[in-house]
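Participant: I would like the atomic coordinates for the input below:
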Amino acid sequence: MSFIEEHGLWNSEQQRAAREIVQRVEREGIELVRLSFPDLHGQLRGKALVPGALASAMRDGCAITSTLLLKDTGSEDYGYALRALP
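Facilitator: Numbering: from 1, shown residues only. Next comes the predicted model:
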């Protein structure tokens with residue numbers, strides 16, 4: 001049983017759509033699929049998969065690094081730099 005099935009995350013229409021996406025990637029000869037999610041600043045981050053890994057990712061998810069969500073990736077200086085003591 002897949003993670004999606006075990007936890008009842010998708011209805012039948014979503015399951016059908018996932019199967020159709022996998023079939024379309026295969027049919028159209030797409031060589032690379034990018035799964036994306038937004039970081040804290042709305043910038044897309046993600047992971048590139050070869051088509052053979054897509055079906056598994058659609059059933060069981062795809063591991064991503066959590067550090068992209070645990071740190072501020074903005075260019076602002078919020079005063080956390082080390083400073084010399086007087």
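Participant: outside of stretch 12-24, which residues touch it?
Facilitator: With C-beta atoms under 8 Å, 6 or more residues apart in numbering as the test, stretch 12-24 has contacts from 4, 10, 30, 54-55, 58-59. No exception for glycine: its C-beta is placed from N, CA and C like everyone else's.
Participant: give me the subset of those lying in helices.
Facilitator: When DSSP state H defines the helices, the subset of the contacts of stretch 12-24 inside them is 4, 54-55, 58-59.
Participant: dump those residues to a markdown table, plus neighbour count and pLDDT.
Facilitator: Shown next, in a markdown table, are these (neighbours: other C-beta atoms under 10 Å; pLDDT from 0 to 100):
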| residue | neighbour count | pLDDT |
| --- | --- | --- |
| I4 | 16 | 90 |
| L54 | 19 | 94 |
| A55 | 17 | 93 |
| M58 | 19 | 91 |
| R59 | 16 | 91 |
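Participant: got JSON lines for those residues, with distance to K47 too?
Facilitator: Below are the ones in helices among the contacts of stretch 12-24 laid out as JSON lines (distance: C-beta to C-beta, whole Å):
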{"residue": "I4", "distance to K47": "18"}
{"residue": "L54", "distance to K47": "11"}
{"residue": "A55", "distance to K47": "15"}
{"residue": "M58", "distance to K47": "13"}
{"residue": "R59", "distance to K47": "16"}
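Participant: and which of those residues is nearest to R45?
Facilitator: L54 (18.1 Å; C-beta to C-beta).
Participant: quick check: mean pLDDT of the longest helix along the chain?
Facilitator: Longest helix of the chain, by residue count under DSSP H: helix 12-28. Averaging pLDDT along helix 12-28 gives 95.
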